[in-house]
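A.B. asks: Sequence and predicted structure are below.
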Amino acid sequence: MSEVKSIAVLTSGGDSQGMNAAVRAVVRSALYHGLEVYGVQRGYQGLINNDLRPMDLRSVGDIIQRGGTILQTARCKEFITAEGQQKGADVLRERGIDGLVVIGGDGSYQGANKLSKLGIKTMGLPGTIDNDIPFTDFTIGFDTAVSIVVDAINKLRDTMTSHERSSVVEVMGRHCGDIALYAGLASGAETILVPEVPFDLDQVASRMQENFQSGKRHSIIVVAEGAGRGEDITRGITERSGIEPRVTVLGHIQRGGNPTHNDRILASQLGDFAVRMLMEGQSSKSCGIIRGELVATDIDKVVSTKKPFNMDLYNLALRLSQ
Ligand SMILES: Nc1ncnc2c1ncn2[C@@H]1O[C@H](COP(=O)(O)OP(=O)(O)O)[C@@H](O)[C@H]1O
Ligand SMILES: O=P(O)(O)OC[C@H]1O[C@](O)(COP(=O)(O)O)[C@@H](O)[C@@H]1O
Ligand SMILES: [Mg+2]
């Protein structure tokens with residue numbers, strides 16, 4: 001018998017493709033197991049405001065394929081305060097809700113950790129395009145965001161090759177270069193600039209010159225926003241080499257559109273896993289998949305660990321883009 005009878009689910013922070021699939025999985029799995037389930041509107045803001053509604057099977061119909069989040073999301077300053085967190089915990093207790101599933105990024109995980117410490121049984125699902133949550137190979141939305149960047153670079157290549165130009169593409173990732181790394185490797189970028197690896201613009205510029213001299217007809221530089229602004233990198237290259245790359249900032253386009261099948265499947269597995277963990281009496285855990293295995297890791301550990309950067313992939317991209 002599950003000691004948890006009623007749970008709530010919310011999405012928080014930057015939205016990501018696949019959050020809807022995760023909400024659907026949490027709701028349908030909870031209902032399948034005979035639990036009551038509530039959707040919290042607008043993340044922690046909705047929790048503080050007591051903005052919750054009961055969810056049934058049909059309230060998550062026709063959403064597995066949609067980007068964004070039907071529960072909407074927010075960045076809620078009040079929840080960063082101890083008073084805000086206490087208000088959120090009180091709302092759940094007053095409503096008799098025994099467990100909460102938080103779908104969000106590193107900031108949302110900090111909030112989930114605080115709620116856990118206030119005695120709320122909380123499970124975190126990694127929902128962010130940044131892939132910056134450790135103890136899971138991938139976060140929900142990352143695969144879709146990378147696909148969008150790769151598609152954009154394919155298009156840029158057509159025109160860049162025709163004009164024998166180079167292109168600087170700024171992608172999202174304030175503290176984590178994974179979107180730049182994976183999209184850069186998958187699209188054959190010559191240079192990948194990420195916050196985790198220091199770089200020297202002199203070297204970037206001279207490598208581009210060498211590439212053009214060795215017969216390359218175009219050059220792609222992918223820069224994670226956390227490593228510098230595309231415009232500044234472009235200016236720096238021009239000052240050093242005379243090459244005039246065109247700059248493209250992909251921005252929030254990376255957070256929209258239909259989730260890939262990988263993100264939908266990841267979201268479905270993790271949403272169901274979170275519900276089963278809560279029913280087993282688990283709490284304060286982050287759900288992830290590592291090499292195909294479902295794993296639950298203490299949120300405390302997750303929020304105090306930086307996701308290791310994959311230097312092997314980074315070096316591979318460098319070797320293959322000569
Ligand atoms: N240290 C913290 N303590 C409590 N809540 C936090 C903390 N940091 C962030 N949050 C909550 O999580 C929300 C989402 O965090 P944010 O960093 O904006 O997005 P993400 O979860 O996508 O990383 C914040 O608006 C805030 O309400
Ligand atoms: O939605 P905003 O406020 O423009 O924030 C943009 C940021 O959100 C992200 O898309 C996702 O990051 P978070 O979910 O951690 O906030 C980042 O890549 C980007 O820097
Ligand atoms: Mg974040």
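C.D. replies: Yes, it's here. Numbers count the residues shown, from 1 in each chain. Ligands and ions are numbered 1, 2, ... in the order given.

A.B. asks: Every contact and neighbour count from this point should use C-alpha atoms.
C.D. replies: OK.

A.B. asks: Report the buried residues of the one helix or strand residue 212 maps to.
C.D. replies: Element membership for residue 212 (DSSP states H and E) is helix 201-213. Buried residues in helix 201-213, counted by 16 or more other CA atoms under 10 Å: 204, 205, 207, 208, 209, 211, 212.

A.B. asks: Specify which member of these is nearest to ligand 2.
C.D. replies: Of all those, ligand 2 sits closest to residue 204, with 23.7 Å by CA to the nearest ligand atom.

A.B. asks: The closest one contacts residue 191, doesn't it?
C.D. replies: Yes. Counting by CA atoms under 8 Å, residue 204 does reach residue 191; the two are 7.3 Å apart.

A.B. asks: that older thread, who's in contact with the helix or strand following the helix holding residue 212?
C.D. replies: Sequence order places strand 219-224 as the next helix or strand after helix 201-213, per DSSP H and E. Outside strand 219-224, the residues that touch it by CA atoms under 8 Å, 6 or more residues apart in numbering are 165-174, 176-177, 179-180, 184, 188-195, 208, 211, 229-230.

A.B. asks: For stretch 289-308, what is the distance to the chain centroid?
C.D. replies: Stretch 289-308 sits 14 Å away from the centroid of its parent chain (CA atoms, centre = their mean, to the nearest Å).

A.B. asks: Kindly export that stretch (C-alpha atoms) in CSV.
C.D. replies: The C-alpha trace of stretch 289-308 is given here as CSV (Å, rounded to 0.1, in the frame of the first residue of the first chain):
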residue,chain,number,x,y,z
ILE,A,289,18.6,7.9,-16.7
ILE,A,290,22.3,6.9,-16.7
ARG,A,291,23.3,4.5,-19.5
GLY,A,292,19.8,3.2,-19.9
GLU,A,293,19.2,2.7,-16.2
LEU,A,294,16.6,4.7,-14.2
VAL,A,295,18.4,6.2,-11.2
ALA,A,296,17.2,8.3,-8.2
THR,A,297,19.8,10.5,-6.6
ASP,A,298,19.5,12.8,-3.5
ILE,A,299,18.6,16.2,-4.7
ASP,A,300,21.0,17.6,-2.1
LYS,A,301,23.8,15.9,-3.9
VAL,A,302,22.5,16.9,-7.3
VAL,A,303,22.4,20.7,-6.4
SER,A,304,25.8,20.6,-5.0
THR,A,305,27.5,18.9,-7.9
LYS,A,306,28.5,20.4,-11.2
LYS,A,307,27.8,18.3,-14.2
PRO,A,308,31.1,17.2,-15.6
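
A.B. asks: May I see the buried residues of that stretch?
C.D. replies: 289, 295, 296, 297, 298, 299, 300, 302, 303, 307.

A.B. asks: got it, and stretch 246-266?
C.D. replies: Buried, per 16+ other CA under 10 Å, within stretch 246-266: 246-249, 254-260, 262-266.

A.B. asks: of all these, which two lie farthest apart?
C.D. replies: Using CA to CA, the buried residues of stretch 246-266 span at most 36.6 Å, a distance reached by 246 and 265.

A.B. asks: that older thread, just send the buried residues of helix 201-213 back as CSV, with pLDDT and distance to residue 30 too.
C.D. replies: Formatted as CSV, these follow (pLDDT from 0 to 100; distance: CA to CA, whole Å):
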residue, pLDDT, distance to residue 30
204, 95, 52
205, 95, 55
207, 91, 55
208, 91, 54
209, 91, 58
211, 87, 56
212, 86, 58
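
A.B. asks: Of the buried residues of stretch 289-308, just say which sits nearest to residue 31.
C.D. replies: If you rank these by distance to residue 31 using CA to CA, residue 296 comes first, at 21.7 Å.

A.B. asks: Identify the residue nearest that closest one in space, chain neighbours excluded?
C.D. replies: Of all residues not flanking residue 296 in the chain, residue 287 sits nearest, at 4.7 Å (CA to CA, 6 or more residues apart in numbering).

A.B. asks: ok so, going back, turn the buried residues of helix 201-213 into TSV, including distance to ligand 1.
C.D. replies: Formatted as TSV, the buried residues of helix 201-213 follow (distance: CA to the nearest ligand atom, whole Å):
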residue	distance to ligand 1
204	31
205	33
207	35
208	35
209	38
211	38
212	40
